[in-house]
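>>> A predicted structure for the sequence below; I have some questions about it.
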Amino acid sequence: MPPDAPRVALFVTCLVDLFRPSVGFAAVKLLEDAGCRVEVPEAQTCCGQPAYNSGDKADARALARQVIAAFKGYDYVVAPSGSCGGMIIKHYPELFETGTAEQAAAQELAARTHELVSFLTRVMGVGKVEAQFPARATYHDSCSGLRELGVRDEPRQLLASVAGLSLREMTDSEVCCGFGGTFCVKYPGISDKMLEKKLKHVQATGADTLIAGDLGCLMNMAGKLKRQGSFVKARHVAEVLAGDYLTPPIAEAE
Amino acid sequence: MSARETMFTRIRARLPAGTAAQRAAAVDERLARHARNLVPARGAGDEAHRIGVFTAMMEAVGGTVETLDDVNDVPHAVAAYLRRGNLPAHVRRGVDPLLARLPWHRGGAIEVAEGRAEESDRASVTRAFAGVAESGTIIQISGPENPTTLNFLPEAHIVLLEASQLFGSYEEVWTKLRAAMGEGNMPRTVNMISGPSRTADIEQTIVRPAHGPKNMHVIIVRGS
Amino acid sequence: MDMSGAAFPDNVSRALADGKLQYAMTETGPRFIQKRAKAREALPEFDQLRDQARDIKDHVLANLDVYLERYEARVRASGGQVHWAETPDQARAAILGICRKVKARLVTKGKSMISEEIDLNQHLAENGVTPVETDLGEYIIQLRNERPSHIIAPAVHLTRDQVEADFRKAHTHLDPNRDLTEIPSLVEEARAVLRQKYLAADVGVTGANFLIAETGTSIIVTNEGNGDLTQNLPRVHIVLASIEKIVPTLEDASTILRVLARSATGQDFSNYTTLSTGPRRAGDLDGPDEYHVVILDNGRVNVLGTEFQDMLRCIRCGACLNHCPVYNAIGGHAYGWVYPGPIGAVVTPALIGIENAPHLPNASTFCGRCEEVCPMRIPIPRMLRHWREKEFERHLQPAAMRWGLGLWAWVARRPALYRRATALAARILANQGHGAGRLASVPFASGWTQNRDLPAPQGKTFHQLWKERRR
């Protein structure tokens, strides 16, 4: 690794940490392949979005302070999630009072924080990956990544370079899957209706693999696909771009 | 305190204190200047362009358009339109001077009545105050010349639009209107009409007509 | 359907089980979206116009007192009368008072969400005045004694056969053997029935999309032409509007009109945009003898100058409803009050109190599509979050959720403890997955598992594995 390689701190995200470390390792591989030095700050837990979206600003602020401190000094902070990325980039600065040192720190962190795939393409200039992944895939645009961070073409561009993978667009790829954090357990009926509509579009493509950039949406969709007995496999975009087809798909065993 | 007073008191309490005079001046300045905001480029262009855009927009929403070079041919065109639509040779119009001096006898046996629309009228002829190419819109102003009910009650609404009064944008019409009425004054009614009446209230299916005219026919007269 | 706003979960269950509603929403929902996208594409300046539209309304709200005064002066100068109403009661009384003065028995009505807000029809009917809705969708739901389920398409939740049944029940003077299977025959029947109402009405009530301060003008926008027949044929025209409808000039109205129809129905311009200023003039052959404007507050002033002010920019186009996956799943009635969809979830708590609509701000995934399409660039998700903050402050959320969240946050603020807790949870859940890679049921997680499996963790947390790998 050249000495001037950017120092990148991985924001693992709480879902990847708990449920699917393979996404984290795929992210590390992609970042290293792109020429980054990757570190994983110890003191990270969660970005605080569940508290923030529940109206609990005090806890959200406390967790934001913790993240701001833990990720001080790195050139970049990268998360394999548009949702957590959006929280840090768009919402941390809103948590603190205008003009305060704390808000300045939040803005400074926001300015060097990125969602993984858009970081690879926009910042590191990655135009393709050296990976194999045999799949007829379709890509779901997660809401935060798409609408808060404008991530749309980037994953498609990189996925197009994966050997063995073909991508077919689903109808309404930009419509929410019904996850929405605590929403999906507070309003299970509405969530399920949204999810059913989403999966109908997924299945209409004839794809065997469903790819997205956020583990929350993926767990939601995979959980329903398996409940329905579908053969469609759900994968995080990082795993696909890293060519990790050996790890079992989400909600499936070896 | 009256409802009016309490409402204004409560509104003012929520606006920055001590700014009333300053804000009033800013508002009055803005109202007097009535500056244009961004005007889309779509309607801008020469007469041929404006007629082209207007016609395309009006036809896209179910209206029909024909273009004449001589205003004296309008009665004939009206008569032909009524025949095509299988309508009786009877129209209602207001006392608009241009409409009044048209050679209606050239329309054959067409009967022309003056006044506001009656329930039994099946076709009306009005003269547009202006047209707007941008969205294929006719602008009618109220008055005995062109009573407002003529725009709505009959099933066929025929509009005479002089090409010289076909503008690119709404903003140009407001300039003309202020020149005609004086700053801040308006006719009782300004009707901006883009095609015949429609509804999509049942299963999002477009049906024409709903309550207004079933057909709208615009006769654009060039060089008048 | 419970209209208290607190009955949301019950309303939702009913809506999800209502086959007709689900059919109507699935069939018609996507059409609005496609039409708007096409209209937007056809106008390169569209997004810039949205910015200007937002700025116009922001400017008005920052000077609302002055604009209302200027508007009122122009209305008076053109021979109209202005009535101010802080409350629905005052607005109802003003309208009934005008009706009584002219001994009105029949009132035709153009579409007005504010009249729903003040329950005008009920009040008129109770006082011997018959109100007749003339917008086709509104007419249908009036026959059904329902509220609109959509701001611009009030009967979007109904199918044609339901409308047919309603017409057969209401129009008993017509041949019972007539054919009403096709939509155009339904529209034709409504046209004929309502035509007689327009001609017989004593008073016409319309809403207003805009009030122009420069000229004292009210604007209504329709496609059917019902609003024009409503306001031109009777002797009296009453405009029912709220304080935030003001725009400064004709030019400003034009800018917002350019984004209104495109956002609402995907039309470049609505069929009928009508500017009304005062009563009939000397020499006029038609038009009302009296022109009244009733201007309602009903809680809107309380929003001025707060983090919720942006909601007052709303022009009621309905784009946020059309694009909302939650609205499209449950329809408008589930929202329980007058204004459904994302903007309803923002406005309703402001007008009836958050304690009376505690679910509305929570029933959103924050997917952000509403804000993306809002012509007035109202940050709807942000305002929903502000309502959640209010609920949190006032302890209005369920205790279990509050405690669960608090405990989780307490642990998340202690990274070492959090590491141990997550490692334990990963191991237990992975074991329970029994090698299937997923769990069909999990204690305390029925909200998740009632409809889907829970993917099992891989066994160790990322942080455990990262530590091991570095060793």
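That came in fine, so what should we check first?

>>> once you drop chain neighbours, what's closest to C:Ala77?
C:Gly216 (6.5 Å; Cβ to Cβ, 6 or more residues apart in numbering or on different chains). Where C-beta positions appear, they are placed from N, C-alpha and C, glycine not excepted.

>>> per-residue pLDDT of the closest residue to A:Arg152 other than its chain neighbours, please?
Distances taken as Cβ to Cβ, 6+ apart place A:Leu146 nearest to A:Arg152, at 5.8 Å, with adjacent residues excluded. At A:Leu146, the model reports a pLDDT of 98.

>>> surely A:Leu146 touches A:Glu174?
Yes. Counting by Cβ atoms under 8 Å, A:Leu146 does reach A:Glu174; the two are 5.8 Å apart.

>>> what do the two both touch?
Both A:Leu146 and A:Glu174 are in contact with A:Arg152, where contact means Cβ atoms under 8 Å, 6 or more residues apart in numbering or on different chains.

>>> of those two, who's got more company?
Between A:Leu146 and A:Glu174, counting by other Cβ atoms under 10 Å in any protein chain shown, A:Leu146 is the more crowded of the two (22 against 16).

>>> what residues sit buried inside the helix or strand encompassing C:Arg420?
Using DSSP states H and E, the element containing C:Arg420 is helix C:415-432. For helix C:415-432, the neighbour count (16 or more other Cβ atoms under 10 Å in any protein chain shown) marks C:415, C:418-419, C:421-423, C:426, C:429-430, C:432 as buried.

>>> cool, and stretch C:157-177?
Buried residues in stretch C:157-177, counting neighbours by 16+ other Cβ under 10 Å, are found at C:157-160, C:162-164, C:166-167, C:170-171.

>>> how about that stretch and chain B, touching?
Yes. Using Cβ under 8 Å from any Cβ of the partner chain, we find that stretch C:157-177 touches chain B at C:158-160, C:163.

>>> now swap in stretch C:359-377 and tell me
No. Stretch C:359-377 is not in contact with chain B by Cβ under 8 Å from any Cβ; minimum separation 13.9 Å.

>>> that stretch close to chain A?
Yes. Stretch C:359-377 is in contact with chain A by Cβ under 8 Å from any Cβ, via C:362-369, C:371-372.

>>> how about the helices in the stretch 351-471 of chain C?
Ranges of helices in the stretch 351-471 of chain C, per DSSP state H, counting those that start in this stretch, are C:369-373, C:380-393, C:399-412, C:415-432, C:446-449, C:462-470.

>>> can I see the domain layout of chain A?
A:7-122, A:128-241 (automatic domain parsing).

>>> quick one, helices of the stretch 51-200 of chain A?
A:57-70, A:82-86, A:92-95, A:101-111, A:116-118, A:143, A:153-159, A:183-186, A:188-204.

>>> would you format those as CSV with mean neighbour count and mean pLDDT included?
Below are the helices of the stretch 51-200 of chain A laid out as CSV (neighbours: other Cβ atoms under 10 Å in any protein chain shown; pLDDT from 0 to 100):
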stretch, mean neighbour count, mean pLDDT
helix A:57-70, 20, 97
helix A:82-86, 28, 98
helix A:92-95, 21, 97
helix A:101-111, 16, 98
helix A:116-118, 26, 98
helix A:143, 27, 97
helix A:153-159, 20, 98
helix A:183-186, 21, 94
helix A:188-204, 21, 97
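
>>> as JSON lines, these with distance to A:Gly213 would be great.
JSON lines is the format used below for these (distance: least, Cβ to Cβ, whole Å):
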{"stretch": "helix A:57-70", "distance to A:Gly213": "20"}
{"stretch": "helix A:82-86", "distance to A:Gly213": "6"}
{"stretch": "helix A:92-95", "distance to A:Gly213": "20"}
{"stretch": "helix A:101-111", "distance to A:Gly213": "19"}
{"stretch": "helix A:116-118", "distance to A:Gly213": "6"}
{"stretch": "helix A:143", "distance to A:Gly213": "11"}
{"stretch": "helix A:153-159", "distance to A:Gly213": "6"}
{"stretch": "helix A:183-186", "distance to A:Gly213": "18"}
{"stretch": "helix A:188-204", "distance to A:Gly213": "15"}
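
>>> mind putting the ones you listed in CSV, distance to chain C included?
Converted to CSV, these look like this (distance: least, Cβ to the nearest Cβ, whole Å):
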stretch, distance to chain C
helix A:57-70, 4
helix A:82-86, 9
helix A:92-95, 8
helix A:101-111, 16
helix A:116-118, 14
helix A:143, 4
helix A:153-159, 17
helix A:183-186, 3
helix A:188-204, 4
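
>>> spatially nearest residue to the spatially most central residue of chain C (excluding sequence neighbours)?
Nearest residue to the geometric centre of chain C (Cα atoms, centre = their mean): C:Tyr339, 3.7 Å. With sequence-adjacent residues excluded and distances taken as Cβ to Cβ, 6+ apart, C:Tyr339 is closest to C:Val347, at 4.9 Å.
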